[in-house]
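Novice: after the sequence you'll find the predicted model.
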2 protein chains.
Amino acid sequence: MGKQMTEMLKGTLEGIVLAILSGRPAYGYEITAWLRDQGFSDIAEGTIYALLVRVERRGLVDVEKVPSEKGPPRKVYSLNARGREYLDEFWTTWSFLAERLEQLREGGKQS
Amino acid sequence: MGKQMTEMLKGTLEGIVLAILSGRPAYGYEITAWLRDQGFSDIAEGTIYALLVRVERRGLVDVEKVPSEKGPPRKVYSLNARGREYLDEFWTTWSFLAERLEQLREGGKQS
DNA sequence: CCTAGCTATTCGGTGTTGCTATGTACCGGT
DNA sequence: ACCGGTACATAGCAACACCGAATAGCTAGG
């Protein structure tokens, strides 16, 4: 989409990726492809890789290098305990924000 | 709240402020106070003013200087036609994102 | 008077984030 | 040998929210 989406993804994209990893381990290329499939058509590959490096450095995920038949080895990420904790906080923050926004949207209708 | 909220506000705070202005004209100090009241306890004053300057420069709002009995004159902002259009786009973008996140949250529960 | 405190706005510097563009590398098919 | 798909990495950029401080008008208490 546009610039609005770009700005809105700041702060949520991280949560999105961690949420994906909470379901199953995955690697960067896979996550990017999946996101594009879900309609995030213009998410750059580099963005996901940088994000994964970040969450790894913060100790929210564990990494395992797995050989691939079709190219260079994959770095498979999985959410660890700290990551799950962080993801919980993310959902709390998100819920708060979503509630306020829903209220605002309702309130705006009658004008 | 914390750093997560700070990052999540990028892109949404603008929509929030425009949504407020879609209901009624308002000035910076007032908006900041209202937000704090709604639970956005740590939104910096400077942030709102900078945001208002930005949306004004983009022609999304009209401004009127109104004298105050209690201090320096207020800059009262109101949403114009372009702003309303932009706000519509914002809601579209927000809805898209909120839907994906809600899906992800549902999916994550069974793990 | 004058200091403190509330109202109201502005601005420079900082850190985080996503995007762009590019580069590296492994593999299979032609 | 070449190309396309797979897979990861990184340097430079722009946007945004935060922090801290400054400016300015008004009122009330000492």
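Specialist: Everything's here; your move.

Novice: tell me the secondary structure for A:V76?
Specialist: The three-state label given to A:V76 by DSSP: H, G, I helix; E, B strand; the rest coil is strand.

Novice: need the contact list for it.
Specialist: A:V76 sits next to A:25-27, A:63-66 when contact means CB atoms under 8 Å, 6 or more residues apart in numbering or on different chains. Backbone N, C-alpha and C define where each C-beta goes, glycine included.

Novice: hmm, try it at 6 Å
Specialist: The contact partners of A:V76, by CB atoms under 6 Å, 6 or more residues apart in numbering or on different chains, come to A:25, A:27, A:64, A:66.

Novice: can you pick the most crowded of those?
Specialist: A:Y27 (19 neighbours; other CB atoms under 10 Å in any protein chain shown).

Novice: check whether that one really touches A:R74, as I assumed.
Specialist: Yes: applying CB atoms under 6 Å as the test, A:Y27 and A:R74 come out as touching, 4.1 Å apart.

Novice: at the contact with DNA strand C, which residues of chain A appear?
Specialist: Residues of chain A found near DNA strand C (CB under 7 Å from any atom of the strand) are A:5-6, A:9-14, A:42-47, A:50-51, A:54, A:69-72.

Novice: let's see it at 6 Å
Specialist: A:6, A:9-10, A:13-14, A:42-44, A:46-47, A:50-51, A:54, A:71-72 (CB under 6 Å from any atom of the strand).

Novice: which pair in these spans the largest distance?
Specialist: Using CB to CB, the two most remote members of the residues of chain A next to DNA strand C are A:K10 and A:G71, lying 30.0 Å apart.

Novice: more crowded one of these two?
Specialist: For the pair A:K10 and A:G71, the greater number of neighbours falls to A:K10 (15 against 8), based on other CB under 10 Å.

Novice: which one of the residues of chain A next to DNA strand C sits in the busiest neighbourhood?
Specialist: When neighbours are taken as other CB under 10 Å, the top entry among the residues of chain A next to DNA strand C is A:E14 (22 neighbours).

Novice: does the helix or strand hosting that residue reach chain B?
Specialist: Following DSSP states H and E, one finds A:E14 within helix A:13-23. Yes: with CB under 6 Å from any CB of the partner chain as the criterion, chain B is reached by helix A:13-23 at A:19, A:22-23.

Novice: which strands and helices sit next to that helix?
Specialist: Counting contacts by 3 or more CB pairs under 6 Å, 6 or more residues apart in numbering or on different chains; DSSP states H and E, helix A:13-23 packs against strand A:74-79, helix A:81-109, helix B:81-109.

Novice: the shortest one close to DNA strand D?
Specialist: In other words, strand A:74-79. Yes: contact of strand A:74-79 with DNA strand D (CB under 6 Å from any atom of the strand) involves A:74-75.
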